[in-house]
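Trainee: Just need the structure, nothing else, for what follows:
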Amino acid sequence: MSAKPEHYDVIRKPVITEKSTMASEYGAVVFEVARDSSKPQIKEAIEALFGVKVKAVNTTITKGKQKRFRGIKGRRNDVKKAYVTLEEGSTIDVTTGL
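Mentor: So this is what the prediction gives:
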């Protein structure tokens, strides 16, 4: 499988936080994905871009927080994250980039 341009539209960027680092100990990698992407699309994109076998995909939508910037109220965008569990022996090093 080759990486199609739409695969890069589905997968936005890796999420590197304390929680995602703890998930990586169990063979999971966390990515920020497009809001309208489905689990099969995410699985296909990860397998095509990184050349690994995906075991499962779990998604969550985090609501944007209310924030102030120079006294003006604003709201951050909602973010969809995908927790991608890989098959045994497969790894993705997100620190190197795409």
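
Trainee: which residue is nearest the middle of the protein?
Mentor: For the chain, F31 is the residue whose C-alpha lies nearest the centre (Cα atoms, centre = their mean; 1.3 Å).

Trainee: Show me the helices in the protein, by range?
Mentor: Defined through DSSP state H, the helices belonging to the chain, from first to last, are 5-10, 18-24, 39-50.

Trainee: Which of these has the lowest mean pLDDT?
Mentor: Ranked by mean pLDDT, those end with helix 5-10 at the bottom, a mean of 84.

Trainee: From the contact counts, what lies against it?
Mentor: For helix 5-10, the packing partners by 3 or more Cβ pairs under 8 Å, 6 or more residues apart in numbering; DSSP states H and E come out as helix 39-50. (Each C-beta comes from the backbone N, C-alpha and C, glycine too.)

Trainee: what does the helix it packs on rub up against?
Mentor: Counting by Cβ atoms under 8 Å, 6 or more residues apart in numbering, helix 39-50 makes contact with 1-4, 6-8, 10-11, 31, 33, 37, 52-54, 57, 59, 82, 84, 92, 98, all of which sit outside it.

Trainee: Where does the prediction get shaky in this structure?
Mentor: Flagging of the chain using pLDDT under 70 yields the residue ranges 1-3, 95-98.
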